[in-house]
Every structure is written in C-alpha cells, then in structure tokens.
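S.K.: I'd like to go over a predicted model; first the sequence, then the structure.
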Amino acid sequence: MAVETPEYEVLRHDGPFELRRYAGYLTANVRVTAGDYRRAMNAGFNPLADYIFGNNHVADRISMTAPVTAGRACCQKISMTAPVTAQQSEDEYVVSFTMPSGYSTDNLPRPNNAAVSIESVDAHLAAVARFGGNFSGSKAAQAQAQLESWISEQGLTAVGESIVAQYDPPWKPGFARRNEIMIVVEQV
C-alpha cells in the first residue's frame, strides 16, 4: 500500500539533488526541545501519532503520510517595548506530519492536545538532497553541506532552515531507507 506524500514537480534533477516545486499542503506540528534531529523526531512522533490515531475533536483516524520532518525552530518572538525581535534557538525543533491531501483547514479534525498545531504550508520551491541508509546526524550534516553548495552553484538563494525528512517506518532495513535534507529556496 502506497503512502501519500506531498505533491511536487521536479524542475531540476542532478544526481542526489533536486529542485522541486511543491503544491500547498497542511501539516500537524509539535515543538520539542532536543539535542539533535534524531531526538527531536523521537520526542515529536508520539504526540503527532496520537493525534492522527484519533486524539482529535471528532475521534477520527487520519491516514499516515510521509515524510515525517524535523527542522530547527528558527525564531522565538519575544514581546518588548521596542519592536519584536527574533532569537535563534539551537535546541528547539518543529516535528511535522503532512496531512492527507483530502483535508482542508475547514474539515481537518482539531487536535485535543494543545501541543499539536495545524499549519497551512503555501506552495514553494525546495532544494532537496536524498541520502539512504539508517539516519545519522553525520549523514544529515554531510548531505546538508553538499546541498548548500549545490544551491549556490545553481544560483539559488536559501530562504529557510534545513529540514530533515524521513520517509520510512522504523522496521524498514537501512539499505532501503529514504532520507532527505530540504531547504526552501527563493523563487526563480
């Protein structure tokens, strides 16, 4: 049985790199504190799984999709008497499940857990580096460095933080696993 993924069009393909145009979609998100991507995924997975397995205002099950993503929370807004400022947070991540395409903001069940939020992600361009095997921070860092170099070579401009995307259930053998680093880039 195929698992739904966000809709996208490949605009460029170059080895493990792609430039993709994503259609808009909805995500369920949870913000977690963790020391790295793996710990963030572990901490964020259960509240999101609980939501799609029925912990929502209508007790409906929502189909699982792929990938599960995690990215550093880029900014914390802090109200002040001066303008609002943004501060980098090295240990906060947002872990997300993409919602099935049949849902809209009008018919997606509301989470019962206040830690789970729903976000509408607008259509966008993303540069992506694919890498296989069991996920590790060092593999992700290497893929990110290569992707950042490719983005520069392609004349693109990154406009967001990197996001780790994992497509497979934990029981899938490492040699067959699909992982990606994604970075939103400026429209060309």
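M.R.: Happy to help now that I have it.

S.K.: which residues touch the residue nearest the centre of the chain?
M.R.: Nearest to the geometric centre of the chain sits residue 69, at 3.1 Å (CA atoms, centre = their mean). Residue 69 makes contact with 27, 95-96, 98, 163-166, 182, according to CB atoms under 8 Å, 6 or more residues apart in numbering. Where C-beta positions appear, they are placed from N, C-alpha and C, glycine not excepted.

S.K.: could you redo the last one with a cut-off of 10 Å?
M.R.: When contacts are counted by CB atoms under 10 Å, 6 or more residues apart in numbering, residue 69 is found next to 6, 27, 29, 37, 41, 44, 93-98, 163-167, 180, 182.

S.K.: taking those one by one, which sit in helices?
M.R.: 37, 41, 44 (DSSP state H).

S.K.: I'd guessed residue 94 sits against residue 31; true?
M.R.: Yes: using CB atoms under 10 Å, residue 94 is in contact with residue 31, at 5.5 Å.

S.K.: Now do the shared contacts for those two.
M.R.: With CB under 10 Å, 6+ apart, residue 94 and residue 31 have common neighbours 40, 44, 73, 117.

S.K.: returning to what we had before: which of residue 94 and residue 31 has more neighbours?
M.R.: residue 94 (21 against 17; other CB atoms under 10 Å).

S.K.: any idea how far the more buried one is from residue 131?
M.R.: From residue 94 across to residue 131, the span is 21 Å (CB to CB, to the nearest Å).

S.K.: Kindly report the same for residue 137.
M.R.: Distance from residue 137 to residue 131, counting by CB to CB: 12 Å.

S.K.: hmm, which of the shared contacts of residue 94 and residue 31 are the buried ones?
M.R.: 40, 44, 73 (16 or more other CB atoms under 10 Å).

S.K.: Redo those as TSV? Include distance to residue 54 and pLDDT.
M.R.: Formatted as TSV, these follow (distance: CB to CB, whole Å; pLDDT from 0 to 100):
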residue	distance to residue 54	pLDDT
40	24	93
44	18	96
73	27	85
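
S.K.: just to revisit the earlier point, the residue nearest to the centre of the chain should be in a strand, yeah?
M.R.: Yes: under DSSP: H, G, I helix; E, B strand; the rest coil, residue 69 falls within a strand.

S.K.: beta partners of it?
M.R.: With DSSP bridges as the criterion, residue 69 is bridged to residue 96, residue 165.

S.K.: pLDDT at the closest residue to residue 37 other than its chain neighbours, what is it?
M.R.: Using CB to CB, 6 or more residues apart in numbering and skipping the chain neighbours, the partner closest in space to residue 37 is residue 164 (4.8 Å). Per-residue confidence (pLDDT) for residue 164: 95.

S.K.: count of residues packed around residue 164?
M.R.: Look at residue 164: counted by other CB under 10 Å, it has 26 neighbours.

S.K.: Tell me who's in contact with it.
M.R.: Contacts of residue 164 by CB under 10 Å, 6+ apart are 36-38, 40-41, 67-72, 93, 95, 135, 137, 140, 143-144, 179-182.
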